[in-house]
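S.K.: curious how this folds, go ahead:
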Amino acid sequence: MSPQRDRPLNDVECARMDGVLSRFRSEYAMNNREEIDGFLAALICSPDIAKPSEYLPEICGGEMAHDEAFVDREQLLDFWGLLMRHWDGIVRILHGEDVFAPLLLRGEGGIAHANDWALGFMRGVRLHYKSWKELFDDKEHSCLLFPILVLAHEHDPDPEMRPSINIDVERREKLILAIAASVTAIYRYFAPQRRRMETGFAAERTAERKIGRNDL
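M.R.: Okay, here's the model as predicted:
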């Protein structure tokens, strides 16, 4: 990893990323760093290896090379580099001993609602839902998803999907703290599956390199 990729985004770089995100026009695009932080956290915790061809359209709401969002190829590559720096930062925290904290944007009154973060996380879950189903069905550990699901569905248009609990300021703070602990626990829960996937992926790459240029 290059020294540049090993440091977190500074204020100027965050502003550059925000500028690109604000220009995504698709209703399915992610328009703030909070949602992207939740989305990337889910991909990193996932038992499956996330491919750029899968998750970039989710972020951009379509093709990454969106004419209105990117002025030129240089700006597109800059955005990609910032995205990967943020990804690496989450990996370092979850893989190390640091405490994970979701990136939350504060609204009116300086309150962080965390709804966008939870929605981003659930978008990442849905990308590989079949693999995540193991956690949903695990009676002992499925509770790890509870704080994320509550905040993801707080303003759901379907009344049946909304949480039955009242989310006041104190409850919201507790849910956010629970998210921090849950993400770390989910990352560790799926660690054996990720190792198997990574081993299989490495074996496939090795086999590909052994094939000669004239082989089928």
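
S.K.: and the longest helix for this protein?
M.R.: The longest helix of the chain (DSSP state H) is helix 73-95.

S.K.: can you spell out which helices and strands pack onto it?
M.R.: Helices and strands touching helix 73-95, as assessed by 3 or more CB pairs under 8 Å, 6 or more residues apart in numbering; DSSP states H and E, comprise helix 11-21, helix 33-45, helix 169-189. C-beta here means a position set from N, CA and C on the backbone, and glycine is covered the same way.

S.K.: and those helices: which comes nearest Asn115?
M.R.: helix 33-45 (8.8 Å; CB to CB).

S.K.: rounded mean pLDDT for the closest one, please.
M.R.: Mean pLDDT, computed over helix 33-45, is 97.

S.K.: other SSEs contacting that helix?
M.R.: By 3+ CB pairs under 8 Å, 6+ apart, helix 33-45 packs against helix 11-21, helix 52-60, helix 73-95, helix 115-127, helix 169-189.

S.K.: residues making contact with the shortest one?
M.R.: Right, the one you point to is helix 52-60. Contacts to helix 52-60, defined as CB atoms under 8 Å, 6 or more residues apart in numbering, come from residues 24, 26, 28-30, 36, 39, 43, 63-64, 66, 69, 83, 123-124, 127.

S.K.: let's see 7 Å
M.R.: Phe24, Ala29, Met30, Ile36, Phe39, Leu43, Glu63, Met64, His66, Ala69, Arg123, Leu127 (CB atoms under 7 Å, 6 or more residues apart in numbering).

S.K.: list the buried ones in it?
M.R.: Applying a neighbour-count criterion of 16 or more other CB atoms under 10 Å, one finds Tyr55, Leu56, Glu58, Ile59, Cys60 buried in helix 52-60.

S.K.: residues contacting Leu9?
M.R.: Contacts of Leu9 (CB under 7 Å, 6+ apart): Leu82, Arg85, His86.

S.K.: again, only this time at 6 Å
M.R.: Counting by CB atoms under 6 Å, 6 or more residues apart in numbering, Leu9 touches Arg85.

S.K.: same deal with Ala41?
M.R.: Ala41 neighbours (CB under 6 Å, 6+ apart): Ile90, Phe121, Val183.

S.K.: do the same with Val20
M.R.: Ala69, Phe79.

S.K.: then Ile36?
M.R.: So Ile36 contacts Met30 (CB under 6 Å, 6+ apart).

S.K.: picking up where we left off before, and the contacts of helix 52-60, which of them are buried?
M.R.: Phe24, Ala29, Met30, Ile36, Phe39, Leu43, Met64, His66, Ala69, Arg123, Leu127.

S.K.: distance-wise, check Leu135 relative to Ala69.
M.R.: 34 Å (CB to CB, to the nearest Å).

S.K.: kindly apply the preceding question to Arg162 instead.
M.R.: Arg162 is 33 Å from Ala69, by CB to CB.

S.K.: can you tell me the helix or strand for the nearest residue to Arg92 once chain neighbours are set aside?
M.R.: Nearest non-adjacent residue to Arg92, counting by CB to CB, 6 or more residues apart in numbering: Asp98, 7.4 Å away. Per DSSP states H and E: Asp98 is located in neither a helix nor a strand.
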